[in-house]
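> Would you be able to build a 3D model of this:
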Amino acid sequence: MKKIAMMLALIMTLVLLAGCGGSQQQEQPGGNGVQDIVDQMNDQLEEQGKINESKQHVGEDEHYIIKNAEDLLAFADFIKEGNVAVKATLQADVDMSGVTWVTIDQYNGEFDGGGHSIKGLTGDGLFHELDEDAVIKNLTLEDVDLSEGGAIADYSNADIENCHVTGKISVTIKSKKEYVGGLIGKMMNSEGGIRDCTSKVDIHCENPDTLSCYVGGIVGITTNGAVENCSNYGTITGNGNYVGGIAGRVEKWASTIRGCVNYGNVAGRYSVGGVVGNGQGLVIDRCGNEGAIEGLVNVGGVVGGFASSDSIWSYVFNCYNHGSVTGTEPVKDMEMQNIAGVVGYNYEGQIVNCYNVGKVTSPAQEKKWDYMTAGISGSNYDSSDQYVYNCYNLGEISGGRAMGFAVIENAVNCYASEGYERYDTYDYSTVVSAGAFADGTVLTGLQGFDGQNMEEKIPDIVAKYEITLSGWVQQGHGPAFDWE
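As a prediction, this is how the structure comes out:
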């Protein structure tokens with residue numbers, strides 16, 4: 001205010017001096033000197049007004065304060081001016097219903113929802129791309145209605161913490177690939193990850209046969225980083241590849257999915273899973289599926305399939321499936337269907353301390369290798385190097401070449417209920433009566449496993465990722481994990 005007063009006083013003085021000069025005043029080359037000064041000062045006052053307008057949103061702790069829709073729009077404009085690292089805080093619920101929203105292209109700051117919500121975003125999510133120093137936390141997005149990407153961001157290298165989303169996302173693919181997730185479309189090489197988040201977003205991706213749609217309840221695809229303690233309640237559907245209740249696809253070494261549960265129904269065609277549709281070089285620990293899973297090829301209660309990974313192995317520890325797993329139609333010639341309670345198609349994967357009680361069904365009537373239907377693991381590539389440890393199946397298995405447990409040579413301390421076809425050459429589980437699951441016999445066997453017989457490489461992974469084999473307790477259907 002003092003600066004403005006001084007400028008006004010100076011203008012008055014110049015005006016008075018100009019009046020005193022009368023007709024003797026000479027016009028200066030290049031224009032009116034007094035007017036130039038006045039114009040310059042007006043420009044400075046206008047700029048000062050813009051600065052003050054922006055600063056009125058900034059609190060003492062240098063956070064951009066957002067209380068309503070107008071504030072959120074002003075924040076987006078402020079970011080577009082180059083202030084990509086400014087911190088922001090919601091101090092009230094914000095209703096964006098009926099407001100035109102254009103996603104924030106790039107952000108590298110901390111956005112704290114403060115336990116508040118933003119309601120009614122349409123078309124685009126909140127951000128397009130989040131850089132590696134960004135943090136999005138304590139935020140709820142309600143009733144989103146989007147046509148691409150993820151509700152929080154399309155692409156992310158950021159930390160996403162304690163965020164929750166409801167609504168719907170419906171995508172029709174326009175390019176070769178599309179990444180669609182309830183929170184994030186694609187998580188890229190993140191040293192952080194997504195933690196303590198939930199999605200109640202119904203997602204559908206429509207795509208021609210020549211294109212790929214990576215669809216997940218939490219994230220469409222992650223190429224690195226962690227997804228931990230997250231849950232999906234939304235219905236996830238896609239008529240293409242890579243559809244999962246938590247992540248559509250997980251690839252590259254050091255990706256982890258831990259402590260996540262899917263409650264929504266999941267349907268797709270190729271590589272469809274209750275937790276992960278397709279994985280390559282990942283670790284899944286303490287995850288479960290409660291939803292109904294449907295697909296054509298490589299369909300699993302936990303993982304649809306593990307991909308070829310150049311000897312980079314994948315691991316599933318301490319996981320369960322309670323939902324039904326169904327092959328939707330017979331496959332074409334020379335395709336293997338692979339429908340299973342835990343992992344549909346197992347390429348260079350190890351399964352440790354897991355179980356299935358869900359019904360597993362193939363529509364095929366032929367009992368041949370093309371139609372693998374199993375309680376734990378379907379077809380296993382080069383199964384002499386793959387193991388299943390301390391697992392059991394109590395789910396009903398029907399259709400195709402039904403296996404009570406797994407199509408694998410190396411099953412250690414594993415149990416399957418009697419009454420299903422058994423191919424001794426490829427199924428090394430112990431067959432027991434249904435009563436053995438109910439009376440504690442199987443529980444005692446599982447509790448007695450100490451992990452000492454596990455293949456050499458598995459203890460290395462256990463140590464690296466701080467894996468603890470979950471304890472078993474008796475429940476109505478039989479043994480269950482002590483953390484369920």
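> tell me the contacts of Asp112?
By C-beta atoms under 8 Å, 6 or more residues apart in numbering, the contact set of Asp112 is 63, 87-90, 135, 137-139. Backbone N, C-alpha and C define where each C-beta goes, glycine included.
> again, only using 10 Å
Contacts for Asp112 (C-beta atoms under 10 Å, 6 or more residues apart in numbering) come out as 63, 87-91, 135-139, 161-162.
> Considering those residues, which possesses the most neighbours?
Among the contacts of Asp112, the one with the most neighbours (other C-beta atoms under 10 Å) is Ile136, at 28 neighbours.
> Quick check: phi and psi at it.
phi -120, psi 120 (degrees, to the nearest 10).
> now swap in Asp460 and tell me
According to degrees, to the nearest 10, Asp460 has phi -60, psi -40.
> State the number of residues packed around it.
10.
> Now do it against Asn413, distance only.
Distance, Asp460 to Asn413, by C-beta to C-beta, to the nearest Å: 20 Å.
> Same check on Trp472?
Taken as C-beta to C-beta, the span from Trp472 to Asn413 is 12 Å.
> which neighbours do the two share?
Overlap of the contact sets of Trp472 and Asn413 (by C-beta under 10 Å, 6+ apart) consists of 353, 390, 392, 445-446, 448-449.
> so Gly268 touches Thr235, yeah?
No: counting by C-beta atoms under 10 Å, Gly268 stays clear of Thr235, with 11.8 Å between them.
> Would you tell me which strand is longest in the chain?
As assigned by DSSP state E, the longest strand anywhere in the chain is strand 159-172.
> after it, next one along is what?
Per DSSP states H and E, the first helix or strand lying C-terminal to strand 159-172 is strand 177-181.
> Give the partner strands of the very next helix or strand once past that next one in its sheet and their orientations.
Counting by DSSP H and E, the element after strand 177-181 in chain order, helix or strand, is strand 184-187. Applying DSSP bridges, strand 184-187 is found paired with strand 153-156 (parallel), strand 219-222 (parallel).
> Relative to Thr326, which of the ones you listed is closest?
strand 219-222 (23.1 Å; C-beta to C-beta).
> Could you break this protein into its assigned domains?
Per automatic domain parsing, the structural domains of the chain span 2-18+32-54, 69-481.
> re the thing from before, could you dump the shared contacts of Trp472 and Asn413 to CSV with secondary structure, pLDDT and neighbour count?
Putting the shared contacts of Trp472 and Asn413 into CSV (DSSP: H, G, I helix; E, B strand; the rest coil; pLDDT from 0 to 100; neighbours: other C-beta atoms under 10 Å) gives the following:
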residue, secondary structure, pLDDT, neighbour count
Asn353, coil, 96, 26
Asn390, coil, 93, 26
Tyr392, strand, 93, 29
Gly445, helix, 95, 19
Leu446, helix, 95, 21
Gly448, coil, 93, 10
Phe449, coil, 91, 19
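> Relative to Ile152, which of those residues is nearest.
Asn353 (32.8 Å).
> Now do the same contact list for that closest one.
Contact analysis of Asn353 by C-beta under 10 Å, 6+ apart lists 285-286, 316-320, 388-391, 413, 446, 449, 451, 467-472, 481.
> Same check on Asn278?
214, 221, 241-244, 247-251, 270-272, 298, 303-307, 344-345.
> Tell me which residue is most central in the chain.
Note on the chain: the residue nearest the mean C-alpha position is Val219, at 2.2 Å, using C-alpha atoms, centre = their mean.
> Got the confidence number for the closest residue to that residue other than its chain neighbours?
Once flanking residues are discounted, Val219 sits nearest to Gly181: 4.1 Å by C-beta to C-beta, 6 or more residues apart in numbering. With respect to pLDDT, Gly181 scores 97.
> picking that back up, between Gly268 and Thr235, which is the more surrounded one?
Under the neighbour definition other C-beta under 10 Å, Gly268 and Thr235 were set side by side, and Gly268 has more, 30 against 19.
> Tell me, what's the model's pLDDT at the more buried one?
Gly268 carries a pLDDT score of 93 in this model.
> cool, the one 10 residues further on as well?
At Asn278, the model reports a pLDDT of 94.
> so it bridges to which residues?
Beta-bridge partners of Asn278, as defined by DSSP bridges: Arg249, Gly305.
> Ok, Tyr415 next?
For Tyr415, the beta-bridge partners are Tyr392, Thr430 (DSSP bridges).
> Is it correct that it is in contact with Thr441?
Yes: applying C-beta under 10 Å as the test, Tyr415 and Thr441 come out as touching, 8.9 Å apart.
> which one is Arg145 nearest to, not counting chain neighbours?
You called it Arg, but residue 145 is Asp. Thr122 (4.8 Å).
> swap that for Asn410, please
Tyr387 (4.4 Å).
> How about Gly120?
That would be Ser97: by C-beta to C-beta, 6+ apart, it lies 3.5 Å from Gly120.
> which residues sit in contact with the one you found?
By C-beta under 10 Å, 6+ apart, the contact list for Ser97 reads 69, 119-122, 142-143, 145.
> Show the buried residues in those.
Buried by 16 or more other C-beta atoms under 10 Å: 69, 119-122, 142-143, out of those.
> Could you tell me which of those belong to helices?
Residues of those located in helices (DSSP state H): Ala69.
> residue boundaries of the helices in this structure?
Going by DSSP H, the chain shows helices at 2-21, 33-55, 69-80, 434-438, 441-447, 457-464.
> coming back round to it: among Trp472 and Asn413, which residue is more densely surrounded?
More crowded of Trp472 and Asn413, by other C-beta under 10 Å: Trp472, with 23 against 19.
> ok, that one touching Ala480?
Yes: using C-beta under 10 Å, Trp472 is in contact with Ala480, at 7.1 Å.
> any residues in contact with both of those two?
The contact sets of Trp472 and Ala480 overlap at 355, 443 (C-beta under 10 Å, 6+ apart).
> related to what we said a few turns ago, of the helices of the chain, which shows the lowest average pLDDT?
Among these, helix 2-21 scores lowest, at a mean of 46.
> excluding its backbone neighbours, what's nearest His477?
Val357 (5.2 Å).
> In contact with the one you found, which residues are there?
Val357 touches 301, 320-323, 341, 375, 392-396, 417, 437, 475, 477-480, counting by C-beta under 10 Å, 6+ apart.
> If you go by neighbour count, which of these are buried?
301, 320-323, 341, 375, 392-396, 417, 437, 478-480.
> Can you give the distance of stretch 469-484 from its chain's centre?
27 Å (C-alpha atoms, centre = their mean, to the nearest Å).
> Same check on stretch 213-233?
How far stretch 213-233 lies from its chain's middle: 2 Å, per C-alpha atoms, centre = their mean.
> which residues does Lys137 bridge with?
Applying DSSP bridges to Lys137 gives these bridge partners: Asp112, Glu161.
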